[in-house]
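Asker: I need the structure of the sequence given here:
(2 chains)
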Number of protein chains: 2
Amino acid sequence: WVQSIRLKTQGPVEQYGLKRFSTAEATVILRENGKMREKTLTMDTLNPQVKAVEYAVRGPIVTKAGDIERGLQQGQKHPFTEVIKANIGDSHAMGQKPITFLRQVVALCSFPELLNSPSFPEDAKQRARRILQGCGGQSLGSYSASQGVDCIRQDVAVYIEQRDKGVPADWDNIYLTTGASDGIVSILKMLVSGQGRSRSGVMIPIPQYPLYSAAISELEAVQINYYLDEDNCWALDINELHRAYQAAKEHCHPRVICIINPGNPTGQVQSRKCIEDVLHFAYEENLFVMSDEVYQDNVYSPDLQFHSFKKVLYEMGPEYFNTVELASFHSTSKGYSGECGFRGGYMEVLNLDLEVKAQLVKLLSVRLCPPVSGQAAMDVIVNPPLPHEPSYLQFHKEKSAVLGALAEKAQVTEQTLNTVPGIKCNPVQGAMYAFPRIFIPPRAVEEAKSLGMSPDMMYCLRLLEETGICLVPGSGFGQREGTYHFRMTILPTTEKLKVLLEKLRDFHIKFLKEYASLEEPKR
Amino acid sequence: WVQSIRLKTQGPVEQYGLKRFSTAEATVILRENGKMREKTLTMDTLNPQVKAVEYAVRGPIVTKAGDIERGLQQGQKHPFTEVIKANIGDSHAMGQKPITFLRQVVALCSFPELLNSPSFPEDAKQRARRILQGCGGQSLGSYSASQGVDCIRQDVAVYIEQRDKGVPADWDNIYLTTGASDGIVSILKMLVSGQGRSRSGVMIPIPQYPLYSAAISELEAVQINYYLDEDNCWALDINELHRAYQAAKEHCHPRVICIINPGNPTGQVQSRKCIEDVLHFAYEENLFVMSDEVYQDNVYSPDLQFHSFKKVLYEMGPEYFNTVELASFHSTSKGYSGECGFRGGYMEVLNLDLEVKAQLVKLLSVRLCPPVSGQAAMDVIVNPPLPHEPSYLQFHKEKSAVLGALAEKAQVTEQTLNTVPGIKCNPVQGAMYAFPRIFIPPRAVEEAKSLGMSPDMMYCLRLLEETGICLVPGSGFGQREGTYHFRMTILPTTEKLKVLLEKLRDFHIKFLKEYASLEEPKR
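Answerer: Purely as a prediction, here's the structure:
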């Protein structure tokens, strides 16, 4: 990927009286002088916590996919004409159209002269005026408060109250963030302390979204794995929580439990009962609860619904609701809007100690504020057109179309994958991913090991090279020893998704055949 | 600031069959049960590195200013009718208008339907089309590559080549960032390693912009202060660098030198000779150079000019240019555009070890990408209208007006401050701040100490309470022991700036009188 393209400029350095030299020449000069200066920053001196970070969603497979894509553009031959990227939940990149109303509001905020244009609807203008009034100098170009623009935080609180059927939300507990990732890392950062056996332990689901493991590495916290139950549609099993907690207590101080609901990469939607169990466990064991709810609008199974951790906590009564420390995260990037590039998001933090809260605001203030255009996008998501407003019909149509298509693709993906021998896929109840289990023959496992590669990494690399399909190996998310998976998004257009699934099936069958045969595998 | 406003919602929880309870009730219940659950996250268990962070630009004075502002709105009486915020380089909040062309491009990118509108100029449309073609699905809503959108990075490289009179810039070395802060923290994070005496030391100017000290605290690196020479217009003295380096070598491993040019908070513009000295020093001592050049367009003294560290490094010859590791930072937030809220920025990193570069990209990829609308704003700044293009005249007029006004205000500020007895202000050669030295009478110093406060903090608090002017005490940036300063921006409108300076003068004279008298100071 380190492809270096020299660009034309107005004139060569010589024109300005400077001498031109090439890197090669310079290296010769330096070698001759015998004084090649050592680098300050090398793999040996690099921060070891940075080295420890892994993030598979943009890992080597994706880098390779980019290389192949550029190669195709330059006329290189491959057994396919197009790379299909199903590695990352990036809706617009896969062809999903933005929600018109959201973009109208952002454009109006960006260039307020448009407020005079008759081609923008009044409800979009009203949203934009309200947002701009909350900005310093009525400009998106001002820093906002570090917690975010006041009126947007108020809108978020109203949204949460409505979502949670009246459970009170206080806008002082709302923090706007740079995507959900920013909020998650900030809260984890606060929670890490202690040394040795008293070092903070963070309980995360396995499989997990690798932001969690990456942040834990970077912060040198202790990762505590609790395994989701693949045989039970990736449900969270409370006994497994107890097991993981008890085992971890021996070598660290478990202080946080992270839950992703609906699940990433696993797509399950947690039952109300399960959430209550988790909250009870967190109450008893004095754990801080982080609930990643960025897929709250992405529930496809008609017999399931999203329950927020906060609402369940409320229903458990005041001794829970007024004590358990809970941070919940949301984002503009997922749902039906898929606005990843705006880096908008919020977190609601309950029962934070007041002095700690001041420390959190201080920490956030060093980075000044989340992008204000992302805050504006978040505002539209929590404050969409109402039935009596002029943009309602179009908004509703666009939103339903996106969510309807996702529900259909969730089903197509699950069903098609389950027709392939050696692939077993749980229902995609929510979120944007399938995380099927794949059978990898022992001889393929051996070959991968001899290459120093995880078997599902080898599988995904070969899939990419032979079909142009880019997926992420299950090992990037964590999985039970000896099981193999991949994560694929359900985001390609229905047509392209069907092509992808067909190619995947053919590849898998061929792969099984190749490694099942008695002769040496031919490549 | 913890002001909690309950919002109206569609209906009370009772309506949904939930029981309502107040926090007070709940606390009573809990106390009666004798089982008040302890908090997981308290000041005792908070990450000590977070606790150590300080960031004065949004510190207690600013919090207090916000409180007073809200009080005024609610009809509270103060000896003034308005808070004037001169604490932060936030141009639009102080009334500066956005550059029209930049906002047109961002609006076009946000709502591409406007590409058909005849009311947008063709050059803005051409920029927007180019940016959108670089985005996945031609949408600002897609994640970009973690390094940023390719074509924007290419535009940055061309801009740098032109700025530096043809010195080559490779777009592979360009990383788009979330404001400059994000880039600075990422590079520092890479550079921190070792324990005890081999822990990384980071040389920073004193006075400094407190992002540096905050990041150093958070990363547990060792802060090495080198003092700028106040008696010599805040120039960087190479002997002082040697002194600081030698002293620090005893207890840490100095690995980085940070320079802010033009200076923040000190406003000096470094001479070419001085930059060459610093680079020579960094070469000899094997230091990584971080040059914070976000004020490169903010130079006001007609006899001074901005020299980039990169260009000087090039002119020093290949043994320097091809070896010294240099990261340079720029931003959309300053200059003439003042687009802080978009959180746009870039860094150029030279001579990075190739493996380390891959690690940097990996680290950045965990946060996915910088906000794409901020990247678009950055693109306009590096690729503004050319003389033959339709928007050129208006762009040029707006840019000159902003920079002309800043130059005038820089002069007014310096001159007025120097008329006040007990205030001495160096020329504001560049950036957006004055950092005058203030005489604080010994009795005021004593009083502050008895209050457990730094004397300039007490000074600024009283200034705020008595006049409504919000400045940041010098202690938040660092200063030589026994000297006192404040930082004020030159961003208020000329009219308001004059009011501010007048009020400040009156306050200062009154303050001197009060603490010079023999009786106890009356308050």
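Asker: Tally up the residues packed near residue A:443, please.
Answerer: Burial of residue A:443 is recorded as 15 neighbouring residues (other CB atoms under 10 Å in any protein chain shown). (Glycine included, C-beta is placed from N, CA and C.)
Asker: Looking at it now. What's its pLDDT?
Answerer: At residue A:443, the model reports a pLDDT of 94.
Asker: Just give the nearest non-adjacent residue to it, would you?
Answerer: With CB to CB, 6 or more residues apart in numbering or on different chains as the criterion, residue A:443 has its nearest non-adjacent residue at 4.6 Å, and that residue is residue A:515.
Asker: Give me the buried positions along the helix or strand where the one you found lies.
Answerer: Per DSSP states H and E, residue A:515 falls inside helix A:494-516. Across helix A:494-516, burial judged by 16 or more other CB atoms under 10 Å in any protein chain shown covers A:497, A:500-501, A:503-505, A:507-508, A:511-512, A:514-515.
Asker: Greatest separation within those: which pair is it?
Answerer: A:497 and A:515 (26.8 Å; CB to CB).
Asker: contacting residues around the residue lying closest to residue A:340 once chain neighbours are set aside?
Answerer: Spatial nearest neighbour of residue A:340, chain neighbours left out: residue A:333 (4.1 Å); criterion: CB to CB, 6+ apart. Each residue near residue A:333 by CB atoms under 8 Å, 6 or more residues apart in numbering or on different chains is listed here: A:89, A:179-180, A:294, A:339-340, A:343-345.
Asker: Next: residue A:153.
Answerer: A:147, A:171, A:174-176, A:346.
Asker: Next SSE downstream of the strand or helix carrying it?
Answerer: Assigned by DSSP H and E, residue A:153 belongs to helix A:150-163. Proceeding N to C from helix A:150-163, the next assigned helix or strand is strand A:174-178, under DSSP H and E.
Asker: Just the C-alpha atoms of the helix holding residue A:515, please, in PDB.
Answerer: Below are the C-alpha coordinates for helix A:494-516, written out as PDB (Å, rounded to 0.1, in the frame of the first residue of the first chain):
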ATOM      1  CA  THR A 494     -29.200  -7.200  -2.900                       C
ATOM      2  CA  GLU A 495     -27.900  -8.000  -6.400                       C
ATOM      3  CA  LYS A 496     -24.300  -7.800  -5.500                       C
ATOM      4  CA  LEU A 497     -24.900  -9.600  -2.300                       C
ATOM      5  CA  LYS A 498     -26.300 -12.600  -4.200                       C
ATOM      6  CA  VAL A 499     -23.300 -12.600  -6.500                       C
ATOM      7  CA  LEU A 500     -21.000 -12.500  -3.400                       C
ATOM      8  CA  LEU A 501     -22.900 -15.400  -1.700                       C
ATOM      9  CA  GLU A 502     -22.700 -17.500  -4.800                       C
ATOM     10  CA  LYS A 503     -19.000 -17.000  -5.300                       C
ATOM     11  CA  LEU A 504     -18.500 -17.700  -1.700                       C
ATOM     12  CA  ARG A 505     -20.400 -21.000  -1.900                       C
ATOM     13  CA  ASP A 506     -18.400 -22.100  -5.000                       C
ATOM     14  CA  PHE A 507     -15.100 -21.100  -3.300                       C
ATOM     15  CA  HIS A 508     -16.000 -22.900  -0.100                       C
ATOM     16  CA  ILE A 509     -16.900 -26.100  -1.800                       C
ATOM     17  CA  LYS A 510     -13.700 -26.000  -3.900                       C
ATOM     18  CA  PHE A 511     -11.700 -25.300  -0.700                       C
ATOM     19  CA  LEU A 512     -13.200 -28.300   1.100                       C
ATOM     20  CA  LYS A 513     -12.500 -30.500  -1.900                       C
ATOM     21  CA  GLU A 514      -9.000 -29.400  -2.200                       C
ATOM     22  CA  TYR A 515      -8.000 -30.000   1.400                       C
ATOM     23  CA  ALA A 516     -10.200 -33.200   1.700                       C
END
